[in-house]
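S.K.: Give me coordinates for this.
(one chain, ligands or ions: 1)
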Amino acid sequence: MELALQIKNVTVHYGGFTALNGIQLNLPKHTTLGLVGESGSGKSTLARVIAGLIVPAEGQILLDSQELTKKRSREQRKRIQMIFQNPDASLNPKHSIRQILSEALLFHNIVGRTEIEKRCKELLARVHLEGKALDKYPHEFSGGQRQRIAIARALSVEPSLLIADEPTSALDVSVQLSVLELFNTLKAELNLTMLFISHDLGVIHAISDTVAVMRQGNLVEINPKDQFFARPETAYSRELLSAVPKMPKSNTSGGFYDPRT
Ligand SMILES: Nc1ncnc2c1ncn2[C@@H]1O[C@H](COP(=O)(O)OP(=O)(O)OP(=O)(O)O)[C@@H](O)[C@H]1O
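M.R.: Numbers count the residues shown, from 1 in each chain. As a prediction, the model looks like this:
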């Protein structure tokens, strides 16, 4: 399978502390890797180093077989987009939704000025929001709607890789499922390649093709989803899975299910 992302021996230090320790990882195109691991294991650091927000002390990162330079070009930055736990991180509160969506389209020359309006409406439709949202501002939307807008903004530049770092964790349980379903729909419709970080194994089960487990800056397991949930390879993975609270199968409040059943 053709690879979208290759991470070769990537190490990151924060001062004297090693947050990532020689990470090796391949992500095939049009697949979703779910990244799990306890708090502080290095998941966000891995996301940030791939997105170019921090520079590794060692190692290489290749996207579509091209090495990403230490100081990324505009084109390289465009090709990896990130969605954060808090949608407000990527939505300027003083800008209308039209400005928010058109900014990246114009900056990266995705469409000409005359086509902006049409493209913005298409983007909103993709995330199930109405065109009239364009004239509104972020504070006029709920948390779930703001995350949908952040997703539309990230997709506007047609990235090769979408990184979502705990994108549903800050949302009310009732909206978590609809945002997760949106990710699954977009994944199928747009053939996305995604790195999806969550501490919630129910979410990871719902979205991933492959699961990778981090512990103390190391990647300790990477396996196809079904294999990971049925036959976790390491004692640490088994520990993570056994910490999932058991829910009755019929439980539909919020729609999450026990990934081990
Ligand atoms: N800017 C920083 N300076 C120093 N240490 C940091 C910095 N950012 C993260 N760390 C440390 O690096 C380690 C990895 O952090 P990271 O945020 O990548 O973990 P995580 O798995 O994403 O955790 P969480 O699920 O809590 O977000 C932690 O011990 C954290 O305290």
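S.K.: Spell out, range by range, the helices that occur in the stretch 51-200 of the chain.
M.R.: Applying DSSP state H, counting those that start in this stretch to the stretch 51-200 of the chain gives helices spanning 74-79, 97-107, 116-126, 143-155, 173-190.
S.K.: Quick check: which of the ones you listed is buried the most?
M.R.: Stretch with highest mean neighbour count among the helices of the stretch 51-200 of the chain: helix 143-155 (a mean of 22; mean count of other Cβ atoms under 10 Å). For glycine as for every other residue, the C-beta is placed from the backbone atoms N, C-alpha and C.
S.K.: Provide the secondary structure category for Val220.
M.R.: Here Val220 is recorded as strand under DSSP: H, G, I helix; E, B strand; the rest coil.
S.K.: Give me the number of neighbouring residues for it.
M.R.: 16 (other Cβ atoms under 10 Å).
S.K.: Give me the mean pLDDT for stretch 185-197.
M.R.: Average pLDDT, stretch 185-197: 95.
S.K.: got the contact list for that stretch?
M.R.: Defining contact as Cβ atoms under 8 Å, 6 or more residues apart in numbering, one finds that stretch 185-197 is touched by 4-5, 27-36, 43-44, 47, 50, 126-127, 151, 155, 160-167, 183, 203-204, 207-208.
S.K.: Mind giving me the ChimeraX command for buried ones among the residues you listed?
M.R.: To isolate the buried subset of those in ChimeraX, counting by 16 or more other Cβ atoms under 10 Å, use the following:
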select :4,5,27,30,31,32,33,34,35,36,43,44,47,50,126,127,151,155,160,161,162,163,164,165,166,167,183,203,204,207,208
